[in-house]
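Enquirer: Let's see this in three dimensions:
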Amino acid sequence: MDALLLLDNVAYARLDDDYVVAMEKLKTYNSDLAKWVEENSPQHWAMSKFAKKRWDKMTTNLAESFNAWLKEEQNWKAAIGPKTEEKLLENIIKSGSLPVYPYVGGVFKVFNMKVYVDMNLREHTCTCKAWQMAGIPCEHACAAIRQMKQDVYEYVDSYFKLPMQELIYSGHFNSIPNHNMPIVDTDGCVRDAQGRLYPSLKPPCSKRPLGRPRHRRIESQFSSKRLIFCS
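Expert: Numbers count the residues shown, from 1 in each chain. Purely as a prediction, here's the structure:
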């Protein structure tokens, strides 16, 4: 089993029980690695140990066309964006068969067929951590909201809604002045507006590595691999 996959299971476990199971598997694989995890403040990077709101997913893929995305969002007419609505509808469908047990103060206990989770409608929190991380009501929250005959869309965090998005993009960015920026002169030297000479940068000397060049891109750690078993 891959050590990186075991470490990912520890880091991205949302329930404390799942964290304990992932840590036990890591200890079985390598006790020194498990000790390193315990000694390096998991409360700062493990989902189940993080006390406050944090990101759900991050991406650094800059290859997507911004203009294509902008054209799609120009047709945004609903209260929330289409991708956010797609995730919300998925959680609503999952909430259909979940039993809900109401308590006082907007607190509910929901059974997800494995364990009970506590969900607070007033504070927009759930012990599964999905609501706090994504800002979208999880399936447990959707089950409780629907039982209360309330609108699930009202419980989506405000920064996903159209008024907040319009406010975010209502301003503009000032351009960076470049009147004193060094430029490459006709003789190939780099000078600024006052004529001061700067050393020109040359491309680094690099040697082609041995063997055939890499054609396969480096995959993200979030991408899952499908196992194929031969009979």
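Enquirer: now the helices for this protein?
Expert: Counting by DSSP state H, the chain has helices at residues 3-12, 16-29, 31-39, 66-73, 82-94, 130-134, 139-147, 162-168.
Enquirer: any chance of those helices in CSV, plus mean neighbour count and mean pLDDT?
Expert: Where you see a C-beta, it was placed from the backbone N, CA and C, and this is true even at glycine. Converted to CSV, these look like this (neighbours: other C-beta atoms under 10 Å; pLDDT from 0 to 100):
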stretch, mean neighbour count, mean pLDDT
helix 3-12, 16, 88
helix 16-29, 16, 90
helix 31-39, 13, 89
helix 66-73, 10, 61
helix 82-94, 15, 90
helix 130-134, 21, 91
helix 139-147, 23, 93
helix 162-168, 11, 85
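Enquirer: Indicate which one of these is closest to Lys49.
Expert: helix 16-29 (7.1 Å; C-beta to C-beta).
Enquirer: Return the alpha-carbon coordinates of that closest one using PDB.
Expert: In PDB, the C-alpha atoms belonging to helix 16-29 read as follows (Å, rounded to 0.1, in the frame of the first residue of the first chain):
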ATOM      1  CA  ASP A  16     -12.800  11.400  14.300                       C
ATOM      2  CA  ASP A  17     -13.500   7.700  13.900                       C
ATOM      3  CA  ASP A  18     -12.200   7.700  10.300                       C
ATOM      4  CA  TYR A  19      -9.100   9.500  11.500                       C
ATOM      5  CA  VAL A  20      -8.500   6.800  14.200                       C
ATOM      6  CA  VAL A  21      -8.900   4.000  11.600                       C
ATOM      7  CA  ALA A  22      -6.600   5.800   9.100                       C
ATOM      8  CA  MET A  23      -3.900   6.300  11.900                       C
ATOM      9  CA  GLU A  24      -4.100   2.600  12.800                       C
ATOM     10  CA  LYS A  25      -3.500   1.600   9.200                       C
ATOM     11  CA  LEU A  26      -0.600   4.000   9.000                       C
ATOM     12  CA  LYS A  27       0.900   2.600  12.200                       C
ATOM     13  CA  THR A  28       0.600  -0.900  10.800                       C
ATOM     14  CA  TYR A  29       2.400   0.200   7.600                       C
END
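Enquirer: And for it, what's in contact with it?
Expert: With C-beta atoms under 8 Å, 6 or more residues apart in numbering as the test, helix 16-29 has contacts from 1, 3, 6-7, 9-10, 13, 33-34, 37-38, 46, 48-49, 115.
Enquirer: for the residue lying closest to Ile92 once chain neighbours are set aside, what are its contacts?
Expert: Sequence neighbours aside, Cys142 is the residue nearest to Ile92 in space, at 4.9 Å (criterion: C-beta to C-beta, 6 or more residues apart in numbering). Shown in contact with Cys142 (C-beta under 8 Å, 6+ apart): Leu88, Asn91, Ile92, Lys94, Ser95, Val152.
Enquirer: looking at it, the first one is touching Pro137, isn't it?
Expert: Yes: using C-beta atoms under 8 Å, Leu88 makes contact with Pro137 at a distance of 6.9 Å.
Enquirer: where do the contact lists of the two overlap?
Expert: Val152, Val156.
Enquirer: That's all I had, so thanks and see you.
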